[in-house]
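Enquirer: what's the 3D shape of this:
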Amino acid sequence: GAVAGPLGGLVNNAGIGYGTAPPRNARTEDGHEPTWQVNFLSAFLLTELLRERLKGGRIVHVSSGVHSSGSVDLERPDVPRYATPYAQSKIALVMLAREQGERWADDGGPAVNSCSPGWIATKMGGAGGGRLADGADTPVWLLTDPSLEGVTGRYFWQRREEEPNPQTEDRAARRQLVALAAAATGR
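Expert: Here you go, the predicted model:
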C-alpha cells in the first residue's frame, strides 16, 4: 500500500524538450501537447494531490532560464503561439510557483518556489552542459536551507533570486493558468 504521512519536500523536475522533444503536433492520450503535459500539467497535478501532506514543507518547480522570454498561451496551451512548447512549460512553472506560493502562504504552506538548474549535461541538455551536482545545487538548497524559511513564490538561479518572466507578475494570468490546469487535470 501507499505510505501516508507528512512529506518535507517535493522537487518537480520531470521534463522533456530539446533532445527529448516529441514530434511536432504529437498528442498524449489525454489530447495534450506532450511537453505541456509532462513538464507542467503533471507538476500541477502532483503538487495538488500532495498539498496536504506537504504542509509545513517545501516544493520546488524546476524551470529553466528559457522561461525569461515569451509567454504562456492561455487560450491554446496545446498549440502555443507565444513561445516554444518547452519555454511555455517553463514559464508556466514559474507562474505556478508564484500563484501557489501566494495562495498557500496563509494556509500553513507548503512554501513553493521555482528555479533554473542551468544548462546541465543530460539527454535533454546535451553533452556540453554542466555537472548534475551543479544542476541539483539550487533545488536542494531551496528545500533545505534554514534561512529560506517563509520564502515562497520566488524564482532562483545559482542560489540567487532573479526577476521572473513578466507574465509571472500578472495575477489574472496566473489565476487563468491555474484554472486551465485544474480543468485539464480534473482538479
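Enquirer: tally of neighbours for Asp145?
Expert: By the criterion of other C-beta atoms under 10 Å, Asp145 has 12 neighbours. No exception for glycine: its C-beta is placed from N, CA and C like everyone else's.
Enquirer: and it, what pLDDT?
Expert: You'll see Asp145 listed with a pLDDT of 97.
Enquirer: Also Ala4?
Expert: At Ala4, pLDDT is 74.
Enquirer: Likewise for Ala133?
Expert: 65.
Enquirer: Name the residues of the helix or strand of the chain with the lowest mean pLDDT that are buried.
Expert: Between all helices and strands in the chain, the lowest mean by mean pLDDT, DSSP states H and E belongs to helix 132-144, at a mean of 85. Within helix 132-144, the residues scored as buried using 16 or more other C-beta atoms under 10 Å are 135, 137-139, 141-143.
Enquirer: So of the residues you listed, which two are at opposite extremes in space?
Expert: Using C-beta to C-beta, the pair of these lying farthest apart is Gly135 and Leu143, separated by 14.0 Å.
Enquirer: buried stuff in the helix or strand containing Glu102?
Expert: Assigned by DSSP states H and E, Glu102 belongs to helix 85-105. Within helix 85-105, the residues that count as buried by 16+ other C-beta under 10 Å are 85-101, 104.
Enquirer: Which single one of the buried residues of helix 132-144 is nearest to Gly5?
Expert: Nearest member of these to Gly5, counting by C-beta to C-beta, is Leu143, at 17.7 Å.
Enquirer: check contacts around the residue most central in space within the chain.
Expert: Centroid-nearest residue in the chain, with C-alpha atoms, centre = their mean: Leu93, separated by 3.0 Å. Applying C-beta atoms under 8 Å, 6 or more residues apart in numbering to Leu93 gives the contacts 12, 39-40, 43, 61-63, 67, 114.
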